[in-house]
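Trainee: predicted coordinates and the sequence they were generated for:
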Amino acid sequence: MMLFRDPADVPHGFGPSVVAIGKFDGVHAGHRAVLERAQVDAATGGAKVVAVTFDRNPLSLLRPDVCPEDLIGVTQKVQLLAETGIDATLMLRFDQSLASLTPREFVERVLVDALGARTVLVGLDFRFGRGGAGNPDVLRELGEELGFRVDVIEDVRSLDSDRRVSSTWIRELLAAGDVEDAAKLLGRPHAVWGEVVHGAKRGRQLGYPTANLAPDLEGFVPADGVYAGWLVDEGFAGSEEPRRSTRYPAAISVGSNPTFDDVAARQVEAYVLDETDLDLYGRVVEVQFTARVRGMVAFEGVEALIAQMGDDVAEVRALLS
């Protein structure tokens, strides 16, 4: 997949293209429905499929007081969009300059001049341009004038609850520790991504050495507790070597370690099953959550904690087998 960071980076004559526009936070089932529709539309006309998205939630600039926490970071978003099989992503930097464009200016600069859009796909709640003045009807009017068609894609809804699949719903599930239902809406296990850093090394002393993720990790951290999941080793940060991934079963801890009461911030740490000498420091890993084992509690003494960790690992092993 090609990745562009600015309309000016798109090669001259790039189009025609079928463009899907959105935040794509989580690249969940609803987002993939839009991208799959774009791929179908492009298949009959030889057009490229392009996702136009943003490097941050626009609300972080426009309404920071109501801006939710992102489900995924930019690195994760690029990787997930590439896995859908689309041809390119235009990752726009959402700053004051972009926010000040009128709907016409946005359409002309991004969709027409840069991408040569033939069809543009958006959701029902799509808004764009200065002050949110643009909506699907405005986009249709501009399309009729400037030579592209607009398709508004209906929401993907849960059969059980008739609720719209959304980043908000997924965020609620993760905040409650329900990673299994979140995975159903995402179409994959929820994951966080970051570099392994040195911690207190208490896990090693207890017989369960863990890989601690840096505080600036990407991805929404689910509720405190112990989870079954996977650690995917993606190599050293900034390495120019071809990406190679190694996947390990893992018991994952999220929280501030209440038994010892000396950890100021929440941590994500993963114990790779049956591995005591695995050196992951400085490496970038993805930690995938597949099931919640229990909540986070404080134990009365180290022996009780070690006994519970043994039970946790046994349950994780059973869940992943």
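Mentor: Yep, it's here. Residues are numbered from 1 along each chain as shown.
Trainee: quick one: low-confidence parts of the stretch 51-200 of the chain?
Mentor: Counting by pLDDT under 70, the ranges of the stretch 51-200 of the chain that qualify are 200.
Trainee: in it, which spans are strands?
Mentor: In the stretch 51-200 of the chain, the segments counted as strands under DSSP state E, counting those that start in this stretch are 88-92, 117-123, 149-153, 190-197.
Trainee: out of those strands, nearest to Ala176?
Mentor: strand 190-197 (12.4 Å; CB to CB). C-betas here are computed from N, CA, C, even on glycine.
Trainee: just checking, what packs against that closest one?
Mentor: Contacts defined by 3 or more CB pairs under 8 Å, 6 or more residues apart in numbering; DSSP states H and E place strand 190-197 against helix 74-83, helix 179-186, strand 211-213, strand 283-294.
Trainee: okay if I get those as a markdown table plus mean neighbour count and distance to Val272?
Mentor: Shown next, in a markdown table, are these (neighbours: other CB atoms under 10 Å; distance: least, CB to CB, whole Å):
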| stretch | mean neighbour count | distance to Val272 |
| --- | --- | --- |
| helix 74-83 | 18 | 21 |
| helix 179-186 | 20 | 19 |
| strand 211-213 | 25 | 7 |
| strand 283-294 | 21 | 10 |
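Trainee: quick one, which of those is nearest to Asp125?
Mentor: Across the helices and strands packed on strand 190-197, closest to Asp125 is helix 179-186 (CB to CB), at 17.2 Å.
Trainee: the closest one versus helix 74-83: what angle between them?
Mentor: Following axes from the mean of the first three to the mean of the last three CA atoms, to 10 degrees, one obtains 50 degrees for the angle between helix 179-186 and helix 74-83.
Trainee: which strands and helices lie in contact with helix 179-186?
Mentor: helix 167-175, strand 190-197, strand 283-294.
Trainee: can you give me the angle that helix makes with helix 167-175?
Mentor: Going by the same axes, to 10 degrees, helix 179-186 makes 160 degrees with helix 167-175.
Trainee: for the closest residue to Ala191 other than its chain neighbours, give the beta-bridge partners.
Mentor: Using CB to CB, 6 or more residues apart in numbering and skipping residues adjacent in sequence, the residue nearest Ala191 is Gln288, 4.4 Å away. Beta-bridge pairing of Gln288 under DSSP bridges involves Ala191, Trp230.
Trainee: Trp230 is in contact with Gln288, correct?
Mentor: Yes - the criterion here is CB atoms under 8 Å, and Gln288 meets it with Trp230 at 4.4 Å.
Trainee: need the overlap of contacts for the two.
Mentor: Pro189 (CB atoms under 8 Å, 6 or more residues apart in numbering).
Trainee: could you pull up the residues touching the residue nearest the centre of the chain?
Mentor: In the chain, the centroid-proximal residue (CA atoms, centre = their mean) is Ile72; its distance is 2.7 Å. Applying CB under 8 Å, 6+ apart, we find Ile72 in contact with Asp25, Gly26, Val27, Leu80, Glu218, Gly219, Phe220.
Trainee: by neighbours, which of these wins?
Mentor: Counting neighbours by other CB atoms under 10 Å, Gly26 leads the contacts of Ile72 with 29 neighbours.
Trainee: ok but that residue is inside a helix, no?
Mentor: No - counting by DSSP: H, G, I helix; E, B strand; the rest coil, Gly26 falls outside a helix, being coil.
Trainee: OK, contacts around the closest residue to it other than its chain neighbours?
Mentor: Spatial nearest neighbour of Gly26, chain neighbours left out: Leu71 (3.9 Å); criterion: CB to CB, 6+ apart. Contact partners of Leu71, counting by CB under 8 Å, 6+ apart, are Asp25, Gly26, His28, Ser167, Ile170, Arg171, Leu174, His190, Gly219, Phe220.
Trainee: with Ile170 instead?
Mentor: Gly26, His28, Leu71, Ala182, Leu185, Leu186, His190.
Trainee: re earlier: per-residue pLDDT, the residue nearest to Ala191?
Mentor: Looking at Gln288, its pLDDT reads 98.
Trainee: over to Val50?
Mentor: 98.
Trainee: one more: Val27?
Mentor: For Val27, pLDDT reads 97.
Trainee: with Val302 instead?
Mentor: For Val302, the predicted pLDDT is 81.
Trainee: measure it to Ala265 for me?
Mentor: 22 Å (CB to CB, to the nearest Å).
Trainee: for Lys77, same thing?
Mentor: Lys77 is 24 Å from Ala265, where distance means CB to CB.
Trainee: again with Ala117
Mentor: Separation of Ala117 from Ala265 (CB to CB): 44 Å.
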